[in-house]
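Undergrad: Provided below are the primary sequence and the corresponding predicted coordinates.
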Amino acid sequence: MILEFPGGARPSDRTRLGKKEIEYINGCSATCIKAESDRELVCEINRQVLRGTLIGRNGETPVYSPIAGIFRGVMTLEGIEFFVVTADGSEGEEVIFAPETRPLNELDFEDIKESAKKFGIIDTRSGIPLWELLERAHGNCNRVVIDGTETDSLSAINYRLSIEQAKAIVGGAKILLKASGAIKCVYAAEYYRSAAFNAIAEYATDEKIFALAQLDEKYPYGDFALMYALYVKKLNKNQTALDEGVLIVSPETAIALYNSMISGMPQLDRYITVCGDGIKNGANLCVPRGITLRDIANTCGGLEDGYFFAEDSLFSGQPVYGAVYDTTHSLITVNPEERIPTDCISCGECAEVCPVKLLPSEVLAGDGRRLFGHCIGCGACEYICPSNIPLLKLINKEAKK
Ligand code: SF4
Ligand code: SF4
């Protein structure tokens, strides 16, 4: 059975990158990891670091250098603060970490939470440190969901990870089940991703614990859409899946947890798709965490003039500045000249795709503040609008007035 949610948009264009294996990119000129307001520096500025050296903390979550080079401290780029490391030609030199030697069945919630913290693992779906998610989930959670859907029909990174790293995804899911106390894990992806389902099924053999969920090919799959499709549960604007006892993480988070537990190595890399007409060689990549967009563009043969990178989807995709963020799963090239807004033609398509049954075009009559009260920010209306009207951005803008 194919599961679906109300509203949502069906993009006309599917990814052309599903068949491309993930390429591993070790070197880059610099890495920039977002520094939160409660950050602290642990490493001296201008000191030489290895891949894996502790350079700082965001709150209680350690931040490690993803490359060997020189730690430059916290720098501001386009108004955002980052921990910056620049390469110095000593590529490949890394800290040696000790692997976890205790078997999983001897680890309890505190052990796994502390490991997730020590490894600096961030859930790349929510951007929240995994140890914090586990703390919230522990004792309040009955399901773990591995969200194998893409952020946009042009992206293929979760599909490739599901095929290439199925063992680590299932291994990570088992650790998450143990830590959260949940009784079942669901792997969910678009129904036509049969190679991904087959790869996961090879390792997720215990049907009492694991289930596979085939989802409609609609976007975007945020908490609202997934909870409705899987459990026919309607979240309100301020609720998350965890409020309803469901811990949803990305495949990458499960992989990071599993690999860190095996190797003792913190989360130093990210997985992304780079795609769209403005890039010469679209690719699925494993890159150092916080790699710069300039390095990404160079790796992929250069960014065409006039294009910029949008994060994750053309639905609500914001331009990305400077570097790959912890929540970026795909970089999609956008040409602003192809999206020049024209007048509303009253086609009603924006209302048709709205999962919470709003009339998004009412923002044009100055009703943005009321819409904002119910809007879940999915961006489907903005994506579908044939007049290229940035409806979600207008709703958010009106609400701030
Ligand atoms: S109004 Fe909000 S909830 Fe409705 S489609 Fe637009 S962004 Fe999504
Ligand atoms: S989709 Fe765009 S053009 Fe159509 S009614 Fe909505 S705002 Fe107007």
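TA: It's in. Just so it is clear, the structure is predicted and the values come from calculations on it, not from any experiment. Ligands and ions are numbered 1, 2, ... in the order given.
Undergrad: who does the worst-scoring helix or strand of the chain on mean pLDDT touch, helix- and strand-wise?
TA: Across the helices and strands of the chain, mean pLDDT, DSSP states H and E gives its lowest value to helix 368-372, namely a mean of 82. Helices and strands touching helix 368-372, as assessed by 3 or more C-beta pairs under 8 Å, 6 or more residues apart in numbering; DSSP states H and E, comprise helix 391-399. Bear in mind the C-beta positions are built from the backbone N, C-alpha and C, glycine included.
Undergrad: Identify each buried residue in the helix it packs on, please.
TA: Judged by neighbour count (16 or more other C-beta atoms under 10 Å), helix 391-399 contains these buried residues: 391-392, 394-396, 398.
Undergrad: Could you export the one helix or strand Met227 maps to as CSV, keeping only the C-alpha atoms?
TA: Secondary structure here is read from DSSP states H and E; on that basis Met227 sits in helix 223-231. Extracted C-alpha coordinates of helix 223-231, given in CSV (Å, rounded to 0.1, in the frame of the first residue of the first chain):
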residue,chain,number,x,y,z
ASP,A,223,7.2,15.9,10.3
PHE,A,224,3.6,16.8,9.4
ALA,A,225,3.5,14.8,6.1
LEU,A,226,5.4,11.8,7.5
MET,A,227,3.2,11.6,10.6
TYR,A,228,0.1,11.7,8.5
ALA,A,229,1.3,9.2,5.9
LEU,A,230,2.6,6.7,8.5
TYR,A,231,0.1,7.1,11.4
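Undergrad: longest single helix anywhere in the chain?
TA: For the chain, the longest helix by residue count, based on DSSP state H, is helix 166-180.
Undergrad: What lies in contact with it?
TA: Where contact means C-beta atoms under 8 Å, 6 or more residues apart in numbering, the residues beyond helix 166-180 that reach it are 104, 107, 109, 112-113, 116, 134, 137-138, 141, 144, 146, 161-162, 182-185, 187, 196, 199-200, 202-204, 209-210, 247, 249, 251, 253-259, 261.
Undergrad: between the following helix or strand past it and helix 166-180, how big is the angle?
TA: The C-terminal neighbour of helix 166-180 among helices and strands, as given by DSSP H and E, is strand 184-190. When axes from the mean of the first three to the mean of the last three C-alpha atoms, to 10 degrees is applied, the directions of strand 184-190 and helix 166-180 differ by 140 degrees.
Undergrad: now the strands for the stretch 301-401 of the chain?
TA: Listed in chain order, the strands found in the stretch 301-401 of the chain under DSSP state E, counting those that start in this stretch are 308-311, 330-334.
Undergrad: How about Ile25, nearest residue that isn't a chain neighbour?
TA: Closest residue to Ile25 in three dimensions, ignoring its sequence neighbours and counting by C-beta to C-beta, 6 or more residues apart in numbering: Val287, at 4.9 Å.
Undergrad: Any idea what the one you found is bridged to?
TA: Counting by DSSP bridges, Val287 is bridged to Arg270.
Undergrad: list the contacts for it?
TA: Contacts were defined as C-beta under 8 Å, 6+ apart; by that measure Val287 touches 25, 28, 269-272, 295-296, 299, 324.
Undergrad: Where does pLDDT dip in the protein?
TA: Within the chain, the stretches with pLDDT under 70 are 314-317.
Undergrad: got the residues of the stretch 251-400 of the chain near ligand 2?
TA: For the stretch 251-400 of the chain, the residues found near ligand 2 under the criterion C-beta under 6 Å from any ligand atom are 344-350, 361, 384-387, 389, 391.
Undergrad: Which of those residues sits closest to Gly120?
TA: Distances from Gly120 to those, taken as C-beta to C-beta, are shortest for Leu391 (37.2 Å).
Undergrad: Kindly export stretch 150-157 (C-alpha atoms) in PDB.
TA: Once side chains and other backbone atoms are set aside, the C-alpha atoms of stretch 150-157 remain, and they are given as PDB (Å, rounded to 0.1, in the frame of the first residue of the first chain):
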ATOM      1  CA  GLU A 150      14.500  13.100  -0.400                       C
ATOM      2  CA  THR A 151      14.100  16.800   0.300                       C
ATOM      3  CA  ASP A 152      13.300  17.300  -3.400                       C
ATOM      4  CA  SER A 153      12.600  15.100  -6.300                       C
ATOM      5  CA  LEU A 154      16.000  16.200  -7.800                       C
ATOM      6  CA  SER A 155      18.000  14.900  -4.900                       C
ATOM      7  CA  ALA A 156      19.200  11.300  -4.600                       C
ATOM      8  CA  ILE A 157      21.500  11.200  -1.600                       C
END
